[in-house]
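A.B. asks: Got a sequence here, can you model it:
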Amino acid sequence: MNESVTPAQKAQGVLWLLELKSIENIKQKWLDTYKCEPPSENELKKWMENFTKFGNVEGDHQPHMSSFTLDGEAKHSASFTDQQHRTEKSTKEQNAPLNLQPQSFGDGSGHHFSFNDKTTTLENIRQLHEDFSNERDWNQYHSPRNILLALVGEVGELAEIFQWKNEVKKGIPNFTDAEREHVGEELSDVLIYLIRLADRCEIDLPSAALKKFEKNAKKYPAKKVYGKSKKYNEYQSS
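C.D. replies: Predicted coordinates for the structure are as follows:
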């Protein structure tokens with residue numbers, strides 16, 4: 001691999017990996033664009049792993065992927081205040097492999113499910129989508145209404161996977177590997193469009209979500225609603 005590959009080119013490789021899926025198509029795109037030796041599959045996956053762990057393609061202590069335009073020129077972008085805290089992550093956590101299988105079931109066994117990636121933020125994803133859209137001149141189509149309708153469509157595609165399966169247990173243990181991967185893809189589409197909708201509406205989604213949790217905690221006091229499923233106004237008279 002050419003050692004002169006820039007962070008911007010690596011970032012573009014990650015975008016192509018998300019968009020094109022096929023390694024061969026990515027290599028051809030790389031040759032057409034940069035006229036140099038394309039990265040290997042392992043290199044592309046490593047850049048993707050760096051981005052999901054650290055928010056950038058180089059690894060920890062490097063600029064965020066969004067700090068580069070797609071032609072390699074530096075640009076101003078929001079920095080991530082938690083960068084210094086990432087260095088405190090254990091080597092074991094940083095090198096944890098991605099896993100599509102359920103890690104735990106929260107069914108009284110003392111275990112609970114958690115995401116492998118503890119560092120990627122909603123802002124990371126928002127910025128990635130902004131870069132993705134800017135490169136393709138798609139912002140002209142991304143009105144709040146259009147994004148909302150696209151989001152609803154993706155929810156429908158997700159629901160279609162569960163259609164006719166009757167009751168599905170936590171952890172979807174009866175799904176095939178292909179079905180699990182499909183669920184992950186559709187959930188990702190829903191998340192990406194939800195974050196994009198918040199972006200186009202200029203709603204600070206992380207802050208709004210935390211405020212909503214605070215409001216729900218007041219509406220549903222744990223001592224009053226524990227083990228019950230009534231709507232909040234049904235508890236007010238009790």
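
A.B. asks: Going by neighbour count, which residues of the helix ranked longest in the chain are buried?
C.D. replies: Looking across the chain with DSSP state H, the single longest helix is helix 177-201. For helix 177-201, burial by neighbour count (16 or more other C-beta atoms under 10 Å) applies to 180, 182-183, 186, 189-190, 192-200. (Glycine included, C-beta is placed from N, CA and C.)

A.B. asks: which two in the residues you listed are spaced the farthest apart?
C.D. replies: Arg180 and Arg200 (30.6 Å; C-beta to C-beta).

A.B. asks: nearest to Glu37, of the buried residues of helix 177-201?
C.D. replies: Ile192 (31.1 Å).

A.B. asks: contacting residues around that closest one?
C.D. replies: Ile125, His129 (C-beta atoms under 8 Å, 6 or more residues apart in numbering).

A.B. asks: Quick check: the gap between it and Asn42.
C.D. replies: 26 Å (C-beta to C-beta, to the nearest Å).

A.B. asks: Can you pull up the most central residue in this protein?
C.D. replies: Ile125 (5.7 Å; C-alpha atoms, centre = their mean).

A.B. asks: Helix, strand or coil: sort out that one for me.
C.D. replies: The three-state label given to Ile125 by DSSP: H, G, I helix; E, B strand; the rest coil is helix.

A.B. asks: could you say what helices and strands the helix or strand just after the longest helix of the chain packs with?
C.D. replies: Downstream of helix 177-201, the first helix or strand assigned by DSSP states H and E is helix 205-219. The contact analysis (3 or more C-beta pairs under 8 Å, 6 or more residues apart in numbering; DSSP states H and E) places helix 205-219 against helix 122-136, helix 177-201.

A.B. asks: hmm, back to that, not counting sequence-adjacent ones, nearest residue to the residue nearest to the centre of the chain?
C.D. replies: What sits nearest to Ile125 in space, not counting adjacent residues and going by C-beta to C-beta, 6 or more residues apart in numbering, is Ile195, at 5.3 Å.
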